[in-house]
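Trainee: quick one, structure for this:
(2 chains)
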Number of protein chains: 2
Amino acid sequence: MKTEIIAVGTEILMGHIVNTNSQDIAQALLGIGLGTYYQQVIGDNPERMKEAFALAGSRSDIIIVSGGLGPTRDDITKQMLGEYLGQELVADQGQLDKIKDYFKTREGGITETDYFQALTFKEGETFFNEVGLACGSVYRKDLDNGQQQYFIVLPGPPFEMRHMLHHYLLPYLTKEIYQDHVIESLYVNFYRIGEAKVAEILDDLIVEQTNPTIAIYAQPRRVTVRITASYPTYNEAMAANQALAEQIIERLAPYFLGYGEHYSLEHYVVEQMKAANLRLSAAESLTGGLVMEALTEVPGSSEVLTGGFVTYQTESKTTLLGIDSSFIQEHSVVSEAVAKAMAEATLAKTGTDLSLALTGVAGPDSLDGRRAGTVFIALAVKDQAIQVKQLDIRHRPRGVVRDIAKSEALSMVKQWLDQNV
Amino acid sequence: MKTEIIAVGTEILMGHIVNTNSQDIAQALLGIGLGTYYQQVIGDNPERMKEAFALAGSRSDIIIVSGGLGPTRDDITKQMLGEYLGQELVADQGQLDKIKDYFKTREGGITETDYFQALTFKEGETFFNEVGLACGSVYRKDLDNGQQQYFIVLPGPPFEMRHMLHHYLLPYLTKEIYQDHVIESLYVNFYRIGEAKVAEILDDLIVEQTNPTIAIYAQPRRVTVRITASYPTYNEAMAANQALAEQIIERLAPYFLGYGEHYSLEHYVVEQMKAANLRLSAAESLTGGLVMEALTEVPGSSEVLTGGFVTYQTESKTTLLGIDSSFIQEHSVVSEAVAKAMAEATLAKTGTDLSLALTGVAGPDSLDGRRAGTVFIALAVKDQAIQVKQLDIRHRPRGVVRDIAKSEALSMVKQWLDQNV
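Mentor: Numbers count the residues shown, from 1 in each chain, chains lettered A, B, ... in the order given. The predicted structure follows:
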């Protein structure tokens, strides 16, 4: 079946905001085996909206429109789609009650256009908006050739859209299209390998894919492979996914990171250290807290990351870590010796099992005679020799230098864990 | 003139990556007074590509296509556009030389499809790709009615696309459309006010806008107003922008943050503290280093942020800051008293002028009897009484709680600076 996604909103059309809705919808549809053939973006102009609906209606089977369901005069998506389809709109009682209830406690009271948010296709189905006020709606058109065509409206705010997409639209389409089949996905993450290389290694599997299907996503500093199967039962679908996942992991074994839709290097480090009952601290200069901040994004990190130091100005390496200022002057603040001293001092002061230290030049200017992109990372482990890694990251903006430094620091911890735990 | 943007690429169509190119192009075009009327996304299917070009050609004056200029067999944008326009493609000698030069030192050597990247419209103009291998191209069609229609191809990789957009396409269009006029923009940032409210307050100015034009962008934790004027000289354009900016700032005075395209609260704090020769330190618990990391993103922050502590585990508040564990137990680790003690200890240990301290519950679980979203922020200033702010952020994900806490902490510093410097 051909799917088409239409995003409505002048703010997307003019580039004020990026169109994450169309991406989220396309990604989710692919997860249930539906490929997107066309995407359109249009403003809130009535004529151009109807033109877009007619175009989509002439070429696609499933048409998903997001945006323009709100309470302002510009929000006319449902009305225009209704006009194009020749379908009457009525208020959905459940959504209407929610809207009335919401305005009970607000100053200013309810206006006529607030009620419009409860509109739904009279001959369609309503998607109740649990996290907002405007309901979604689907109209199924039974064509003369015995096929069906689906017109779906979803709210524009990304949080509301995603909630409705996952809780209402995907189950609806799955039931309509696959009847009693379930669709299940499994995510496998790889690291230190590019998306193109993964695609090349899995090429024959991708060409042959039918059920499960394979999708490859480049994410910041990792590649995620999504495997999606459709079977009568959950267990059958997951067994098929697992079998294919193992085949894929075998081919990409040196790059395997872990399972899960949001599984990053930070998750790996937290998970493995937690399992081994180890604790980590850090002293960060050029990264200014980025390594610790990234780890504390992972729920459960409080059992692993004790804390540490941000020693951004050179003198703070003396006042906070107790490193002699003459030692720093002798070796340069961006040096292997200072990185080692930082890691050693942090290990001693925090009493953790492992300590990371980072010193370097984020740029754009050079520092203390060191070129932008020069970074030293030290990993101190209780009763072991300190390791140091030097990076030379050229021609990258400040933020990228810091991000690469963070990833390399976590990679050092991962390597140590892989060899020692 | 009506502008249409077409993004080519299965990876965008299927949602593997978000469509930042269309956003960047639309935003840049608006900056030279050109509004986008339509956006399309299509895959690398020849028939659907030509269908999309024909549709755009039938309704728009400036058609900008990005993506599909690379060296693989799937990259057929130029060829398909050439076929649709009935225009011959030839190799651009400058780009060809760059491609040959690039492959001189590579293993494997050059293949036939690598040369395709140098293709350009024989009767058009080439946009040389300074940062990649595939050139862009523009074909100007002189219509029977005396008007012009422009067909433009740009590379897909965002870094290459943006470079060509700003260095070649915008100057080209500005010259074609405005002849000898210059287009200049001025950015004004506001904070603690929503985009909708800004639009409401500026409503009459927006309705009346001709030259300069006004665009409003919601950014994380701020709203940016872009003012764009077109005049024969730079000075006239900037004078017109400045006059309108002052009118706007007068209406929104309590929310004014500063001038600049990338000017955030972090910039404000770094800039003002630098000017006042003041230094800052921090002790962060729930934010895990986020406040310091955000400040160190600003170039020049090394003159302001000395450094500080990440005291994520409760015990690190004792080992790193020297706060009695019995004191923490008595008051709870998430409390006004502990936030104060953290800020005081940090001020003493770092010797800075100001110190921030944050303790709270990022969630999703509660901690020490405190609900997720409970945050205490303390600001200690040398020889002044400590201020504390309590936040109660409900029903928000972990990352959002941390981000709000960071902004509120920086706001406390801003308020102090506004009153004391």
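Trainee: so the residue most central in space within chain A, which of the three states?
Mentor: Closest residue to the average C-alpha location of chain A: A:His262 at 6.9 Å, with CA atoms, centre = their mean. Secondary structure, DSSP: H, G, I helix; E, B strand; the rest coil: A:His262 is coil.
Trainee: how near is it to B:Pro397?
Mentor: Taking CB to CB, to the nearest Å as the measure, A:His262 falls 12 Å from B:Pro397. For the C-beta atoms, the positions are set from N, CA and C on the backbone; glycine is no exception.
Trainee: go on, A:Asp92?
Mentor: Distance of A:Asp92 to B:Pro397, computed by CB to CB: 28 Å.
Trainee: tell me which of those two has more neighbours.
Mentor: Neighbours were tallied for A:Asp92 and for B:Pro397 using other CB atoms under 10 Å in any protein chain shown; the higher tally belongs to A:Asp92 (23 against 13).
Trainee: gap between the more buried one and A:Glu125?
Mentor: On the measure of CB to CB, A:Asp92 and A:Glu125 end up 10 Å apart.
Trainee: overlap of the contact sets of those two?
Mentor: Counting by CB atoms under 8 Å, 6 or more residues apart in numbering or on different chains, the residues touching both A:Asp92 and A:Glu125 are A:Ser137.
Trainee: apart from its neighbours in sequence, what residue is nearest A:Met238?
Mentor: Among residues not flanking A:Met238 along the chain, A:Glu184 sits closest, at 5.5 Å (CB to CB, 6 or more residues apart in numbering or on different chains).
Trainee: what about that neighbour, which helix or strand?
Mentor: Counting by DSSP states H and E, the secondary-structure element that holds A:Glu184 is strand A:182-190.
Trainee: average pLDDT across that strand?
Mentor: Averaged across strand A:182-190, pLDDT comes to 90.
Trainee: just checking, next helix/strand downstream of that strand?
Mentor: That would be, after strand A:182-190 and using DSSP H and E, helix A:195-201.
Trainee: who does that next one touch, helix- and strand-wise?
Mentor: Where contact means 3 or more CB pairs under 8 Å, 6 or more residues apart in numbering or on different chains; DSSP states H and E, helix A:195-201 is packed against strand A:213-219, strand A:222-231.
Trainee: tell me which of these sits nearest to chain B.
Mentor: The closest of those to chain B is strand A:213-219. By CB to the nearest CB, the value is 5.3 Å.
Trainee: quick check: closest non-adjacent residue to the one residue in the stretch 201-350 of chain A that gets nearest to chain B.
Mentor: When scored by CB to the nearest CB, the stretch 201-350 of chain A has A:Gly289 as its residue closest to chain B, at 2.5 Å. Of all residues not flanking A:Gly289 in the chain, B:Gly289 sits nearest, at 2.5 Å (CB to CB, 6+ apart).
Trainee: worst mean pLDDT across the helices and strands of chain A, which element?
Mentor: Every helix and strand of chain A was ranked by mean pLDDT, DSSP states H and E. The lowest is strand A:213-219, at a mean of 81.
Trainee: got the confidence number for the nearest residue to A:Ala26 once chain neighbours are set aside?
Mentor: Closest residue to A:Ala26 apart from its sequence neighbours, by CB to CB, 6+ apart: B:Gly15 at 3.1 Å. Looking at B:Gly15, its pLDDT reads 88.
Trainee: give me the three-state assignment for B:Gly15.
Mentor: Put simply, B:Gly15 is coil when judged by three-state DSSP.
Trainee: surely it and A:Asn19 touch.
Mentor: No. Counting by CB atoms under 8 Å, B:Gly15 stays clear of A:Asn19, with 10.5 Å between them.
Trainee: okay, the two: which has more neighbours?
Mentor: The residue with more neighbours, out of B:Gly15 and A:Asn19, is A:Asn19; 29 against 25, by other CB under 10 Å.
Trainee: average pLDDT for the longest helix belonging to chain A?
Mentor: Secondary structure of chain A read by DSSP state H shows that its longest helix is helix A:398-420. Averaging pLDDT along helix A:398-420 gives 94.
Trainee: also stretch A:128-143?
Mentor: Taken as a whole, stretch A:128-143 has a mean pLDDT of 94.
Trainee: so is that stretch next to chain B?
Mentor: No. Figure legend: stretch A:128-143 not in contact with chain B (CB under 8 Å from any CB of the partner chain); closest approach 9.8 Å.
Trainee: distance from that stretch to the middle of the chain?
Mentor: Per CA atoms, centre = their mean, to the nearest Å, the displacement of stretch A:128-143 from the mean C-alpha position of its chain is 25 Å.
Trainee: CA-only coordinates of that stretch in CSV, if you can.
Mentor: C-alpha atoms of stretch A:128-143 as CSV (Å, rounded to 0.1, in the frame of the first residue of the first chain):
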residue,chain,number,x,y,z
PHE,A,128,-9.3,10.6,21.3
ASN,A,129,-6.6,13.1,22.3
GLU,A,130,-5.5,12.0,25.8
VAL,A,131,-2.7,14.6,26.1
GLY,A,132,-4.3,17.6,24.3
LEU,A,133,-7.6,19.0,23.2
ALA,A,134,-7.9,18.3,19.5
CYS,A,135,-9.0,14.8,18.5
GLY,A,136,-7.7,13.0,15.5
SER,A,137,-10.0,11.2,13.0
VAL,A,138,-9.9,8.6,10.3
TYR,A,139,-12.2,8.3,7.3
ARG,A,140,-12.2,5.0,5.4
LYS,A,141,-13.3,5.2,1.8
ASP,A,142,-14.4,2.0,0.2
LEU,A,143,-13.4,2.2,-3.5
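Trainee: in that stretch, what's buried?
Mentor: Residues A:129, A:132-139, A:141 are the ones in stretch A:128-143 that count as buried (16 or more other CB atoms under 10 Å in any protein chain shown).
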